[in-house]
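Trainee: Here is my input; please provide its structure:
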Amino acid sequence: MRILGIDPGSRVTGFGVIDSDGRQSRHVFSGCIRTSSKDFSARLGEIFNGIQQVLQDHGPEQVAVEQVFMAANAASALKLGHARGAAITAAVVAQLPVHEYTPRAVKLALVGTGAAEKEQVQHMIRLILGLQQPMGLDESDALAVALCHAHTHVNAQKLRGQS
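Mentor: Below is the predicted model:
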């Protein structure tokens with residue numbers, strides 16, 4: 001199964017594409033969409049277009065997105081929600097299933113504790129996927145969301161007796 005993981009942000013949206021059977025995972029492609037416009041609506045368009053391009057170029061079958069957490073203030077949380085909406089809309093337009101995970105669930109799935117630091121998550125991503133290249137935290141967070149979905153999806157199938 002090919003999965004696109006997304007770590008949304010209004011300035012930087014991380015994305016990561018993996019191939020996984022839930023037990024073994026392979027890195028396909030990852031990076032960040034860095035918005036350049038000062039106009040917030042235009043930044044949302046950049047996120048939408050960037051995710052559409054990743055979908056077109058790499059053909060994921062499923063999309064996993066990190067859920068909104070309570071930010072430092074309500075305005076930040078609203079902007080993050082809008083960025084998530086732009087990314088999710090790109091996936092929905094492509095008729096892909098979208099799965100959402102809390103930051104705590106992602107950390108728990110990858111590190112074993114929901115209170116892990118971003119650097120701990122990044123370290124586990126490097127170990128699991130065998131990555132050596134430098135990457136930012138937004139990129140590694142997106143790969144973490146994809147891996148969380150891969151592991152969660154297989155476990156859900158086992159519970160339903162489909163594995």
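Trainee: all strands of the protein, in order?
Mentor: With DSSP state E, the ranges of strands along the chain come out as 2-7, 12-20, 25-34, 62-66, 98-101.
Trainee: now these in a markdown table, with distance to Arg84 and mean pLDDT?
Mentor: Where you see a C-beta, it was placed from the backbone N, CA and C, and this is true even at glycine. Below are the strands of the chain laid out as a markdown table (distance: least, Cβ to Cβ, whole Å; pLDDT from 0 to 100):
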| stretch | distance to Arg84 | mean pLDDT |
| --- | --- | --- |
| strand 2-7 | 8 | 98 |
| strand 12-20 | 9 | 97 |
| strand 25-34 | 13 | 97 |
| strand 62-66 | 6 | 97 |
| strand 98-101 | 9 | 96 |
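Trainee: Redo those strands as a markdown table? Include mean neighbour count and distance to Gly114.
Mentor: A markdown table is the format used below for those (neighbours: other Cβ atoms under 10 Å; distance: least, Cβ to Cβ, whole Å):
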| stretch | mean neighbour count | distance to Gly114 |
| --- | --- | --- |
| strand 2-7 | 27 | 16 |
| strand 12-20 | 24 | 20 |
| strand 25-34 | 18 | 21 |
| strand 62-66 | 24 | 13 |
| strand 98-101 | 18 | 11 |
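Trainee: So which of those strands is nearest Ser76?
Mentor: Proximity to Ser76 (Cβ to Cβ) singles out strand 12-20 among the strands of the chain, at 13.7 Å.
Trainee: In terms of secondary structure, what does that closest one contact?
Mentor: Packing partners of strand 12-20 (3 or more Cβ pairs under 8 Å, 6 or more residues apart in numbering; DSSP states H and E): strand 2-7, strand 25-34, helix 40-58, helix 137-159.
Trainee: Among the ones you listed, which comes closest to Thr89?
Mentor: Nearest of these to Thr89, taken as Cβ to Cβ: helix 40-58 at 6.2 Å.
Trainee: rewinding a little: mean neighbour count, the helices and strands packed on strand 12-20: which tops it?
Mentor: Highest mean neighbour count of the helices and strands packed on strand 12-20: strand 2-7, a mean of 27 (counted as mean count of other Cβ atoms under 10 Å).
Trainee: Same list, the helices and strands packed on strand 12-20, but as CSV with distance to Val68 please.
Mentor: Putting the helices and strands packed on strand 12-20 into CSV (distance: least, Cβ to Cβ, whole Å) gives the following:
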stretch, distance to Val68
strand 2-7, 12
strand 25-34, 18
helix 40-58, 14
helix 137-159, 13
